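Engineer: Return atomic coordinates for the entry below.
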Amino acid sequence: MFREFEKVVRDVGRLDSGSYTFRYPVNKKNKASVSHHFGFNVLEFAEQVEKPIRFLDGAVAGLEEEWHEASEAYAEQRASE
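Structural biologist: Have a look, this model is predicted:
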């Protein structure tokens, strides 16, 4: 799963390393940002990244819970000193 996700991220990074390609139709030299025949299927992209994004969302939720528990434990420890 992660190898496929890394590939998608690398591919997008190659196309848009400066985050300008998809925001502007032309670059500063008045040249097209992508080739005339370039195509990008948003639905296919979303399908490719859906599982890893759900996994990462779950990891964030777990980290938030762990942080909350650690913060409570620290506060309780400080209060008992």
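Engineer: Let's see the pLDDT reported for the most centrally placed residue in the chain.
Structural biologist: Geometric centre of the chain, nearest residue: Ile53, 7.5 Å, by C-alpha atoms, centre = their mean. The score at Ile53 is 90. That number is its pLDDT.
Engineer: Show me the helices in the chain, by range?
Structural biologist: For the chain, applying DSSP state H gives helices covering 2-15, 42-79.
Engineer: Tell me which other helices or strands the longest one touches.
Structural biologist: Translated: helix 42-79. helix 2-15 (3 or more C-beta pairs under 8 Å, 6 or more residues apart in numbering; DSSP states H and E). Bear in mind the C-beta positions are built from the backbone N, C-alpha and C, glycine included.
Engineer: thinking again about what came up before, right, and the helices of the chain - which one's nearest His36?
Structural biologist: Set against His36 and scored by C-beta to C-beta, the helices of the chain come closest in helix 2-15, at 14.8 Å.
Engineer: Mind listing what's buried along the closest one?
Structural biologist: The neighbour-count check on helix 2-15 (16 or more other C-beta atoms under 10 Å) flags Phe5 as buried.
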